[in-house]
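Asks: Build me a structure from this.
(one chain, ligands or ions: 1)
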Amino acid sequence: MRKAVFPGSFDPITKGHENIVRRASLLFDHVTIAIGSNSTKKSMFSLDQRRAWLVDVFSDLPNVDVDDYEGLTIDYCKKVGASFLLRGVRNGGDFEYERTIAQMTKYMAPHLETVILFTDPEYAAINSTIVREILRNQGDVSQFIPDRIPVSELTR
Ligand code: ADP
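Replies: Numbers count the residues shown, from 1 in each chain. All right, here's what the predicted structure looks like:
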C-alpha cells in the first residue's frame, strides 16, 4: 500500500493545496492530509475549522483522509506507516526550502521518500499567507479557495 502524508498548516486551504491533493490521490493508494499544530505559529483559523474544510473539500475522494499531529512530521509518518512525504512546490523559493527539508528528512528518516509535485501554473501564485492578509483587510478571496467552501465561512 503506497501511503503518503501531506503535511501543512492549511490556514486556510487554498486551490493550490486542493490541486496537489487531487493529483496525489491518483498517484498513491492513500493520502492523509495532516494538519500540523505548531506551538510557535499562531493560526488564523481553529484546528476544527481547518479540519472541517479539508474533510468537506475532499469528501468525494475515498482514498483521502484528514488528521492532525504535533511534533515532528517524520514521527507522525512513522506512526501512521506512511512511506511518502508529499509536498507542493510553487516557485524557486519553495524549491530551496523544500530541498533543505527533504535532505534533512533523509538524514533523519532514510526510508521516508519526499515526493514533490509542482503546482499547476494557474495556482502557482496562491499563498495562504496572502489569503489571510486579504481577509484581514476585508478583501475577496473567493477565487483562491476551493469552490466547495462558501466564502462567507471565511469572513464571519
Ligand atoms: P506549511 O506551513 O507547511 O508550508 P502550508 O499549508 O502553507 O503549510 O502548505 C502545505 C504544503 O502545500 C506545502 O508543501 C506547500 O508548499 C504547499 N502549497 C502551498 N500553497 C500551494 C500552492 N498554491 N500550490 C501548490 N502547493 C502549495
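
Asks: For this protein, which residues are neighbours of the ligand?
Replies: Listed as neighbours of the ligand in the chain under the rule C-beta under 6 Å from any ligand atom: 8-10, 14, 16-17, 20, 87-90, 94, 119, 123, 126-128. Heads up, the C-betas are built off the backbone N, CA and C, glycines and all.

Asks: Would you mind listing the buried residues in stretch 146-153?
Replies: Neighbour-count burial for stretch 146-153 flags 146, 149 (criterion: 16 or more other C-beta atoms under 10 Å).

Asks: Same question for stretch 106-113.
Replies: 109, 112.

Asks: residues of the lengthiest helix in the chain that come out buried?
Replies: Among the segments of the chain that qualify as a helix by DSSP state H, the longest is helix 92-108. By neighbour count on 16+ other C-beta under 10 Å, the buried set for helix 92-108 is 94, 98, 102, 105.

Asks: Could you check how many residues crowd around the residue in the chain positioned nearest to the ligand?
Replies: Closest to the ligand within the chain is Gly16: 1.8 Å, counting by C-beta to the nearest ligand atom. When neighbours are defined as other C-beta atoms under 10 Å, Gly16 has 23 of them.

Asks: all numbers from here: first residue = 5
Replies: Sure thing, new numbering starts at 5, so read that last one as Gly20.

Asks: Tell me the spacing between it and Val93.
Replies: For Gly20, the distance to Val93 (C-beta to C-beta, to the nearest Å) stands at 10 Å.

Asks: so what sits against both of the two?
Replies: Counting by C-beta atoms under 8 Å, 6 or more residues apart in numbering, the common neighbours of Gly20 and Val93 are Thr123.

Asks: Run a quick neighbour tally on Val93.
Replies: Around Val93 there are 18 residues (other C-beta under 10 Å).

Asks: Same question for Thr133.
Replies: There are 9 residues near Thr133, going by other C-beta under 10 Å.

Asks: In three-state terms, label it for me.
Replies: With DSSP: H, G, I helix; E, B strand; the rest coil as the basis, Thr133 sits in helix.

Asks: related to what we said a few turns ago, the buried residues of helix 96-112: which two are farthest apart?
Replies: Farthest pair in the buried residues of helix 96-112 (C-beta to C-beta) is Asp98 and Thr109. Separation: 15.5 Å.

Asks: Surely Pro150 touches Val61?
Replies: Yes: with contact defined as C-beta atoms under 8 Å, Pro150 counts as touching Val61 (4.6 Å).
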